[in-house]
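Asks: Below: sequence and its predicted model.
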Number of protein chains: 2
Amino acid sequence: MKPFRSLIPRAEAMNIISSSITPIERVESILLEDSYGRIIAEDVIATFHVPPFDRSAMDGYAVKAQDTYGASNFSPKKLKFVGVKHAGECFEGEVGPGECVQVATGSPMPRGADAVIMVEDTKKVDDYVEAYHPVYPGANVSFKGEDIKKGDIAVRSGEHLSPGKIGAIVALGISSVKVYAKPIVSIISTGSEVKSLGSKLKPGEVYDINSYTLTAIVSANGCIPKNEGIIPDDPEALREALRRAVQNDVIVISGGSSVGTRDLLYDLVEEMGEVKFHGVHVKPGKPTLFGVINEKPVFCMPGNPTSCLSNAYIFLIPALRKIARLPEAEPRTVKAKIGARIVASSGREQFLTVKIENGIAYPVFKKSGTITSMTNAEGYMILPINIDTIEEGEDVEITLLE
Amino acid sequence: MKPFRSLIPRAEAMNIISSSITPIERVESILLEDSYGRIIAEDVIATFHVPPFDRSAMDGYAVKAQDTYGASNFSPKKLKFVGVKHAGECFEGEVGPGECVQVATGSPMPRGADAVIMVEDTKKVDDYVEAYHPVYPGANVSFKGEDIKKGDIAVRSGEHLSPGKIGAIVALGISSVKVYAKPIVSIISTGSEVKSLGSKLKPGEVYDINSYTLTAIVSANGCIPKNEGIIPDDPEALREALRRAVQNDVIVISGGSSVGTRDLLYDLVEEMGEVKFHGVHVKPGKPTLFGVINEKPVFCMPGNPTSCLSNAYIFLIPALRKIARLPEAEPRTVKAKIGARIVASSGREQFLTVKIENGIAYPVFKKSGTITSMTNAEGYMILPINIDTIEEGEDVEITLLE
C-alpha cells in the first residue's frame, strides 16, 4: 500500500482537468422538436424575410392613415367598411380613400392601406366604422422582414437552443438542425464487494450506488451515460474494460483509486495513457485520480458513495459541461446561519453538506462512506483550508444542490 | 369584434390559475436509472441496515485499539501482521492481542478488531506493522446501520429524486420506484394562416412557431408535450379538438384568443366548462384566456409568438410545475444598468426582454409579433404599471431566461 505522493489543491485539479479536455466536435442532425437545450452546430441563415409580407400587428381596421387625422372622441372620422381580411379570409380589393377593411393580428395588409387603427379606438355603425383616434402611416403594421431579414444570421453556431431560438428557426421554415452530439460517458464500477441491483447480497457486499448517482449527474449535464457494469479488481479485466471505454468520450470509474486497491488503476492509466494527478486536498474525495488515455479524460472517483458524488459535483460537472459545450453551471447560493459548531479538523478543503430550515444550515455530513450525507443534503458549504472553527450562528454561504 | 371586458392584474391571474389546478395524482413505476428529477410517490423504508455490517472507513489496519495506546512517531507500537481482509478477500480468523489485519475502505471488520489505524499512520516492516498513532475504539469504523437504520424512511413521498436520494434507494437494493406521472399537455395551434413546418407557405401564411416554443417549455418543466396539430378557426373543429384534448392533463392553445377571432374560444370554453379570466394587464400577452373544462386547466395563449412565449414563462411554467409537483422554478436574477431610455407607454405591466453585455441590459423587445424579441433575449425585466420612464444607466434587476 503506497500512500499518496502529494495532494494538490482543488483549484489546481480543476485547472488540470480543464486544460486536458476539449469541447466535442461530433455533430448530428435532429428534429427541431427535440432540440431544446442542445447546442446548435451551424449558423441559421434566413432564406426569406420574416414576416414574409407586411401584416397587421393588431386587431382593427386597415386604413389610409391620412383619413384618420384629426379624429377624436368628439369628432370621429367615418370610414366606409368595405370588407374583411382575416388571416385566411380573402379581401382582394384595395382600400380606397375614406375606406377601411377589418383585419386581425397577423392579417396581411390589404393593398392601399398604410396603417391599422385598433379595434378599441373604433365603433362599427352599420356600414361604417367610426375612428376615434388618428394613426400615423405605419401604425400597428409589422413590415416584411421586421422580425428577421433575409440573409440575417438568426441563430449562431454554438448557441444554446432556448425556446426563443427554436422559435426563430421555425419562423424560417427549418425542421431539423445540426447540433453537437451529446458526449457519451462510460461509467465503470469496480470492487469485488460491489454488486448490481437485483443480486442478493452476501455478507460483506454492498450495492453499486455510484453507477446510479453518476448516471444521474451525467444525464443532467447534457451527456449520455453508458453503464459498463461492475469490473472486478483485476488488472486484465480492468485493462479490457478501459480499452472498451476509451472508445467513448469520457470515462468515469468509481472505486479502485483508493490506496487500498494497490494502485491498480494508477498503473493502468499510466500504462495506457498519462496520470495527470492523484490525490486532491479536499474532504471528502481525496483519493481522486485523473488521467488521459487516447485524448479521452479518465476520472477515477473514490468508491465511497458520498466522496464519489461530491467529487462529481466539484470536478465532473464542470468538465462534462465544457465537453458538451453547455454554459457553465451557475448553482444558486443562499445565506444562512450555521446550526452547529464546525471544527474543520481535516486540514483539507472541506465539502460540508447541510440541510436548511428557517434560514439555519444544519450539517448532515456523517462520513464519506454514508450516502445519506448526500441524500439529506440541500446544499453544501466549502470550508477553506485555513478555517479551523466556525461557531454556531455564524453567517455562511450555502451552494444549493439541484 | 368585442373588446375585452376588463383586464385583471398579473398577480390576480396567477392566483386564479393556482387555485384552479391540482397536483397530479397519477403514479407509475419506473426503473431507478430513469428516475433522476422525478417526484417519488411512496416512502422508501429500509428493510435492512446500511451498511449491513461493521466495516472499515479507511485504508489501513484493523486492530484492537488498546494495542495502539501510547504510540507516537518516537515510540511506535509494533503489531503482528496476520492477514489481509480486502473487500472480496478472505480473512476468516480473528485479530488477537498485538495483531493487525490489513483492510481497505469498505472491508468488513475482522472479528476481534475494534478500530482501524490509517495506513498513513503506519509503516510495514517485514511481518510487523509499526503504528505511529493511537486510535480509540471505534476509530475509522463504520458501524452497521450507521448510514440508514432498518425501518428508517430513507426517502419520503413527494421528494424530488436527486442523485443523493437515488443513491440511498440503491443502497437499499430497490431497483424500481413509484413516481408521480408526468402530466400530459395537449398543445393546439389555431389560425388558418398558420402552417406546419414542411408545408410550403402561400402568401399571407406563416409557420407554426408556438407549438415548438410551447413544446420546449412543457418538456423543460416536467411534463410531456402532446402536439395536437393546427386546428382551423372553426367552432366544430375546435370543439372536437378540445373534447379530445381534455382527456389529457393540461390544454394549451395558441392563437384564437385575440379579439379578432370573434371570441370563438371564449364561447367554446364557456360552453364546455368555465372561463376564469380573459385579458390580463400585461404587455405583451394581454389577450390571454384561462378556463377549466372537466377540471382540466385550459390556457388560451395569444397567437403572437413573443406574447405566447412570454406568457408561457409568466403563467404556464408555474402552473405546470405545480401540477407536476416540481419545486417552484427559481430563476436567477442579476443587477444591470439599463442601456437605453425606456418609456413604458402601455399602461400595463410590461415584460421587457433584454440582452446583457458587460453589465448593461439592452432592450431587445421589438413587437409582440416578432419572435426575435425572445430569440435574442438573455433575460427580462418587469416594468411595473406605475413606472413611466427609466433613464439610460439606471439600475435594474434582470431575471435570466433559461
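Replies: Thanks, I have it.
Asks: Quickly list what A:V343 is bridged to.
Replies: For A:V343, the beta-bridge partners are A:T389 (DSSP bridges).
Asks: Please apply the same query to the one 10 residues further on.
Replies: Residues in a beta bridge with A:T353, per DSSP bridges, are A:Y380.
Asks: Number of residues surrounding it?
Replies: 28 (other C-beta atoms under 10 Å in any protein chain shown). Any C-beta I mention is one placed from the backbone N, CA and C, and that applies to glycine too.
Asks: A:V101 too?
Replies: Around A:V101 there are 27 residues (other C-beta under 10 Å).
Asks: repeat for A:E391
Replies: So A:E391, with other C-beta under 10 Å, has 9 neighbours.
Asks: What of A:T333?
Replies: Using other C-beta under 10 Å, A:T333 has 12 other residues around it.
Asks: Return the residues in contact with it.
Replies: For A:T333, the contacting residues are A:E397, A:I398, A:T399, A:L400, by C-beta atoms under 8 Å, 6 or more residues apart in numbering or on different chains.
Asks: And the pLDDT for A:G256?
Replies: At A:G256, the predicted lDDT confidence score is 59.
Asks: So A:I251 sits against A:V298, correct?
Replies: Yes: A:I251 lies in contact with A:V298 (C-beta atoms under 8 Å); the separation is 4.5 Å.
Asks: about what we covered before: put the buried members of the contacts of A:T333 into a PyMOL selection.
Replies: The PyMOL command for the buried members of these (criterion: 16 or more other C-beta atoms under 10 Å in any protein chain shown) is given here:
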select buried, chain A and resi 398
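Asks: Averaged pLDDT, stretch A:350-364. What do you get?
Replies: Rounded mean pLDDT across stretch A:350-364 is 93.
Asks: no wait, stretch A:186-205
Replies: pLDDT averaged over stretch A:186-205 gives 91.
Asks: cool, and stretch A:380-387?
Replies: In this model, stretch A:380-387 has a mean pLDDT of 86.
Asks: Stretch A:165-172 too?
Replies: The average pLDDT within stretch A:165-172 is 97.
Asks: Can you tell me what sits against that stretch?
Replies: Contacts of stretch A:165-172 (C-beta under 8 Å, 6+ apart): A:32, A:35-36, A:40, A:44, A:46-48, A:50, A:147-148, A:154-155, A:159, A:177, B:197, B:206-210, B:212-213, B:216, B:305, B:309, B:371-372, B:374-375.
Asks: Pull up the residues of the stretch 1-150 of chain A that are close to chain B.
Replies: Residues of the stretch 1-150 of chain A lying close to chain B (C-beta under 8 Å from any C-beta of the partner chain) are A:1, A:3, A:32-33, A:36-37, A:50-53, A:55, A:57, A:59, A:86-89, A:102-108, A:119-120, A:124, A:142, A:146-148.
Asks: I only care about the residues you listed that end up buried; give me the ChimeraX line for that.
Replies: Buried residues among these (16+ other C-beta under 10 Å), as a ChimeraX selection:
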select /A:1,32,33,36,37,50,51,52,53,55,57,59,86,87,88,89,102,103,104,105,106,107,108,119,142,146,147,148
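Asks: Sitting in strands, which of the residues of the stretch 1-150 of chain A next to chain B do you find?
Replies: Among the residues of the stretch 1-150 of chain A next to chain B, the residues falling in strands (DSSP state E) are A:R55, A:Q102, A:V103, A:K124, A:S142.
Asks: List just the nearest of those to chain B.
Replies: For those, the residue nearest chain B by C-beta to the nearest C-beta is A:S142; the value is 5.1 Å.
Asks: Distance check, A:D126 against A:K78.
Replies: The spacing between A:D126 and A:K78, counted by C-beta to C-beta, to the nearest Å, is 10 Å.
Asks: between these two, who's got more neighbours?
Replies: Neighbours of A:D126 and A:K78, each counted by other C-beta under 10 Å, are more numerous for A:K78; the result is 15 against 6.
Asks: can you give me the helices for chain A?
Replies: Remark: helices assigned in chain A by DSSP state H are A:10-20, A:163-171, A:209-220, A:235-245, A:264-272, A:305-311, A:317-323, A:372-375.
Asks: gap between the shortest one and the chain center?
Replies: Between the mean C-alpha location of helix A:372-375 and the chain-wide mean there is a distance of 24 Å, by C-alpha atoms, centre = their mean, to the nearest Å.
Asks: what's that helix packed up against?
Replies: Judged by 3 or more C-beta pairs under 8 Å, 6 or more residues apart in numbering or on different chains; DSSP states H and E, helix A:372-375 is in contact with helix A:305-311, strand B:153-155, helix B:163-171.
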